[in-house]
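Undergrad: quick one: sequence and predicted model below, then my questions.
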Amino acid sequence: MSNKIVTNDKIKQGLKKRRRSESRFRAIGIASISVGLIFIAILFISVTSKGYNAFTQTMIQIDVFFDPDVLDPNGSNKLESIARGDYRAVIRQTLFNTFKDVSSRRDKRQLYKILSSGAQFQIRDTALKNLGVIGTTIPVWVTASDDVDMMIKGVVDRKAQPRVRRLSEKQMGWIRTLELKGKVERQFNTTFFFGGDSREPELAGIAVALVGTILSILICLAFAVPFGVMAAVYLEEFAPKNRWTTLLEININNLAAVPSIVFGLLGLSVLLNVFELPRSSPLVGGMVLALMTLPTIIITGRSALMAVPPSIREAALAIGASRVQTVFHHVLPLAMPGVLTGTIIGSARALGETAPLLMIGMVAFIVDIPNSLTAPATALPIQVFLWADQPERAFGERTAAAILVLLIFTCLMNLAAVFLRRKFETRW
Amino acid sequence: MTPTYITPKARPAFKPSFAFSSSAEPLADFSPATTSQKIRAEQLNVFYAKTHALKNVDLSIPSNQVTALIGPSGCGKSTFLRCLNRMNDLIDVCRVEGNVSVDGKDIYAADQDVVMLRARVGLVFQKPNPFPKSIYENVAYGPRIHGLAESNDELDEIVFTSLERAGLLAEVKDRMKVPGTALSGGQQQRLCIARAIAVGPEIILMDEPCSALDPIATAKIEGLIEELRTQYTIVIVTHSMQQAARVSQRTAHFHMGQLVESGATEQVFSSPKNQMTRDYILGRIG
């Protein structure tokens, strides 16, 4: 009897200890998740707070007189001759008319610098869109220079040293005047989304990188998914289990751990040098990324196939389905959610990959949006890398904004994965 | 001494549960002289890697009868069953020696097409394993891959007849689109039987088809087996001696990979020749 009581006491004592260790374990788990979440929050907040400014751009409205003597000296009124007009002179003329007190050469040069060097092309586009404006004066919104943009956005303090804010007192005065007239405005930054790269931050856009990334990922999926899934199906369902297949399996696992730059070197030496495919093209980029994604797809695909209960295979085989029919009618559809997950994980990694693309020349200053798979292009992570290197302050926010776009892209792909998985999931 | 078994009510009245005393049915009915031998295994040896799973098994299985394979776990009865439609081929380390013939034709011959064989020799598994598809698709899959139906109407006909024969039609005819996996265990097993029947086999192998089912579902399946035997040759592996006695006309007892005794069920259960069989049937071993 007393023995029984002693035993119970012992269990009770132990129970306390057990409960303590259980709650301790739970606390550690919650703490580690919290730390992870905090870091993700910091990342998102810092990138967003830096990057959201780049989605707007400071524009200045100027009253442009489309002087026919300058733009169309021979009076032909033809598109070709007007396209070749000296719009820089028109802008200068407009600025002098607005600020009549500016006289010295130095001041004039400072005055031009409040506008972006791209302003003349905006004026030209306005004229070419409507030839009727020639000879008239109309207000046109043009892009302000990056220094003005930074100051207006408040990234640079207005009271900072001229050396720091990179704007002289006179320039500040002119902008003040324009602001008071309501001719300075922050507008949605279409250039950022639809423009190519530029040396001037206010004219730089991610379009080339975005299109390059999308094309590369499509090529990557087009190569990696069929090859990867077929390899996984063969290895898991058909290949005999012997020394060779074991060796193959080990090598595929090794391949998944190979540094990505090695795949870039492979692309450089084989795809570019041997097959002489075009350098810097999304085609080659996608193929290199496919090589990199392939092992991931094979490994996840195999484990997804392995997870399909053998009873399903037996059921199909027992009513006389061939092995191929069994795999394609029953096993693969059931493994599809897992295969998709692997594909998305692989391509999400490929999306953020920079190193292999550096090797095949996708690190390039490209202004024109690629119109084919072989046209030179760059990729979003590389654009981030390039801009992060630029000394101009305004490139900082554009770098952050490009990172944001990349993150949104990745999130969208992961969402697609979740959606597709839900759709294909079958319970048994 | 004489064990008594309850005959489930759901079972169609056909035959009393076995008794050790003389049977109402003449033994001659099961003699090889009057029934043709559908399957014949001669000197069958099966190895899994280095394990000798079946040792020199000689067994004949008559057509349109139910043959029960009994014996303790690991005795090789499932292995024997799976040799009959070559499901053992799927196991890499499995090696089959000897001779198995169906209708006098060696099924391990080089020119034997496995797909063809499995269409003729259906298999129902221990655990119901319907495809995660609709009830209709489950049954229609076999006829479809074998091209048995010329039109959709014909396919419907096959599906409905198969479900009818499996005794499931009344329960599912209003919900053919429901996933097969949503049915109860017993219904799933009958669906699997319907799926096997749909291909039009001559032989149906059943590997402990009732071991995952409750007594009522078991009774239904047993009744079904009774009916099916008129058209098919059935080989059933079972752990339940009562079941073997209830449903089978012939019984084969396996032990440690060897065929210990085989013969008409009445004879094996009432007067087993082998001491080991006697002990097993009486529950002394196994």
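TA: Received it, and whenever you're ready, just let me know what you need. All values derive from a computational prediction rather than experimental measurement.
Undergrad: helix, strand or coil for the closest residue in space to A:K241 that isn't next to it in sequence?
TA: Once flanking residues are discounted, A:K241 sits nearest to B:D92: 5.7 Å by Cβ to Cβ, 6 or more residues apart in numbering or on different chains. (C-beta placed from N, C-alpha, C; glycine too.) Three-state assignment for B:D92 (DSSP: H, G, I helix; E, B strand; the rest coil): coil.
Undergrad: could you tell me the phi and psi values at B:D92?
TA: phi -60, psi -40 (degrees, to the nearest 10).
Undergrad: before we move on, what about A:L180?
TA: phi -60, psi -30.
Undergrad: same check on the one 10 residues further on?
TA: The phi/psi pair for A:T190 (degrees, to the nearest 10) reads phi -70, psi -30.
Undergrad: for B:H253, same thing?
TA: Dihedral angles for B:H253 - degrees, to the nearest 10 - are phi -110, psi 120.
Undergrad: what residue ranges in the chain score low on pLDDT?
TA: Went with chain A since none was named. Within chain A, the set of residues satisfying pLDDT under 70 comprises A:1-2, A:426-428.
Undergrad: that's the other chain; I wanted chain B
TA: By pLDDT under 70, the weakly predicted segments of chain B are B:1-35, B:285-286.
Undergrad: who in it is up against chain A?
TA: Neighbours of chain A within chain B, by Cβ under 8 Å from any Cβ of the partner chain: B:85, B:87, B:90, B:92, B:115-119, B:122-123, B:125, B:127, B:129-132, B:141-142, B:145-146, B:179, B:181, B:192, B:195-196, B:198-199.
Undergrad: just checking, the residue nearest to A:K241 touches A:T245?
TA: No: with contact defined as Cβ atoms under 8 Å, B:D92 does not count as touching A:T245 (10.9 Å).
Undergrad: what about B:D103, distance to B:I234?
TA: 16 Å (Cβ to Cβ, to the nearest Å).
Undergrad: these two: which is more packed in?
TA: B:I234 (25 against 14; other Cβ atoms under 10 Å in any protein chain shown).
Undergrad: so where does the closest residue to chain B within the stretch 101-250 of chain A fall, helix or strand?
TA: Across the stretch 101-250 of chain A, the shortest distance to chain B (Cβ to the nearest Cβ) belongs to A:K241, at 5.7 Å. In the assignment (DSSP states H and E), A:K241 maps to no helix and no strand.
Undergrad: that one and A:T48: what is the separation?
TA: Going from A:K241 to A:T48 by Cβ to Cβ gives 51 Å.
Undergrad: sorry, back to before: buried members of the residues of chain B next to chain A into PyMOL, please.
TA: Applied in PyMOL, the following selects the buried portion of the residues of chain B next to chain A according to 16 or more other Cβ atoms under 10 Å in any protein chain shown:
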select buried, chain B and resi 85+87+117+118+119+122+123+125+129+130+131+132+141+142+145+146+179+181+192+195+196+198+199
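Undergrad: quick one: which of the residues of chain B next to chain A sit in helices?
TA: B:115-119, B:141-142, B:145-146, B:192, B:195-196, B:198 (DSSP state H).
Undergrad: closest to A:P278 out of the residues you listed?
TA: Closest approach to A:P278 among those (Cβ to Cβ): B:I145, at 46.2 Å.
Undergrad: got the contact list for the closest one?
TA: B:I145 makes contact with A:I319, A:G320, A:A321, A:Q325, A:H329 under the criterion Cβ atoms under 8 Å, 6 or more residues apart in numbering or on different chains.
Undergrad: of those, which ones also sit close to chain B?
TA: Answer for the contacts of B:I145 near chain B (Cβ under 8 Å from any Cβ): A:I319, A:G320, A:A321, A:Q325, A:H329.
Undergrad: now stretch A:306-313, how far from the centre of its chain.
TA: Centroid displacement of stretch A:306-313 relative to its chain, using Cα atoms, centre = their mean, to the nearest Å, is 39 Å.
Undergrad: now check it, is it near chain B?
TA: Yes: applying Cβ under 8 Å from any Cβ, one finds stretch A:306-313 in contact with chain B at A:P309, A:S311, A:I312, A:R313.
Undergrad: sorry, back to before: buried ones among the contacts of B:I145?
TA: Applying 16+ other Cβ under 10 Å to the contacts of B:I145, the neighbour count classes A:I319, A:G320, A:A321, A:H329 as buried.
Undergrad: what's the most distant pair in those residues?
TA: Pairwise over the buried ones among the contacts of B:I145, using Cβ to Cβ, the maximum falls at A:G320 and A:H329, 12.3 Å.
Undergrad: leaving aside the residues next to it on the chain, what's closest to A:V208?
TA: Using Cβ to Cβ, 6+ apart, the nearest residue to A:V208 is A:G196, at 4.4 Å.
Undergrad: strands paired with the strand ranked longest in chain A, and their directions?
TA: For chain A, the longest strand by residue count, based on DSSP state E, is strand A:56-65. Strand A:56-65 sits in its sheet next to strand A:137-143 (antiparallel), strand A:184-188 (antiparallel), going by DSSP bridges.
Undergrad: dump it to PDB, restricted to CA.
TA: Extracted in PDB, the C-alpha atoms of strand A:56-65 (Å, rounded to 0.1, in the frame of the first residue of the first chain):
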ATOM      1  CA  THR A  56       6.800  58.100 -58.300                       C
ATOM      2  CA  GLN A  57       9.000  60.500 -60.200                       C
ATOM      3  CA  THR A  58       9.200  64.300 -59.900                       C
ATOM      4  CA  MET A  59       8.000  66.000 -63.000                       C
ATOM      5  CA  ILE A  60       8.300  69.600 -64.000                       C
ATOM      6  CA  GLN A  61       5.800  71.400 -66.200                       C
ATOM      7  CA  ILE A  62       7.300  73.800 -68.700                       C
ATOM      8  CA  ASP A  63       5.500  75.900 -71.300                       C
ATOM      9  CA  VAL A  64       7.200  74.800 -74.500                       C
ATOM     10  CA  PHE A  65       7.200  76.900 -77.600                       C
END
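Undergrad: ok, residues contacting that strand?
TA: A:90-91, A:93-95, A:97-98, A:114-115, A:123, A:126, A:136-144, A:148-149, A:152-153, A:178, A:183-189, A:191-192, A:202.
Undergrad: show the buried residues in the residues you listed.
TA: Judged by 16+ other Cβ under 10 Å, buried ones among the contacts of strand A:56-65: A:90-91, A:94-95, A:98, A:114-115, A:123, A:126, A:140, A:142-144, A:148-149, A:152-153, A:178, A:183-185, A:189, A:191-192, A:202.
Undergrad: give me the subset of those residues lying in helices.
TA: A:90-91, A:94-95, A:98, A:123, A:126, A:148-149, A:152, A:178, A:191-192.
Undergrad: the residues you listed: which two are farthest apart?
TA: Farthest pair in those (Cβ to Cβ) is A:T98 and A:F192. Separation: 27.2 Å.
Undergrad: ends of stretch A:145-164, how far apart?
TA: Terminal residues of stretch A:145-164 lie 16 Å apart, using Cα to Cα, to the nearest Å.
Undergrad: scratch that, stretch B:107-127 is what I was asking about
TA: 26 Å.
Undergrad: in which helix or strand would I find A:F44?
TA: helix A:2-51.
Undergrad: from the contact counts, what lies against that helix?
TA: helix A:393-424 (3 or more Cβ pairs under 8 Å, 6 or more residues apart in numbering or on different chains; DSSP states H and E).
Undergrad: list the buried ones in the helix it packs on?
TA: Here helix A:393-424 shows A:393-407, A:409-410, A:413, A:417, A:420-421 as buried, counting by 16+ other Cβ under 10 Å.
Undergrad: over to stretch B:91-107?
TA: B:C94, B:V96, B:G98, B:V100, B:S101, B:V102, B:I107.
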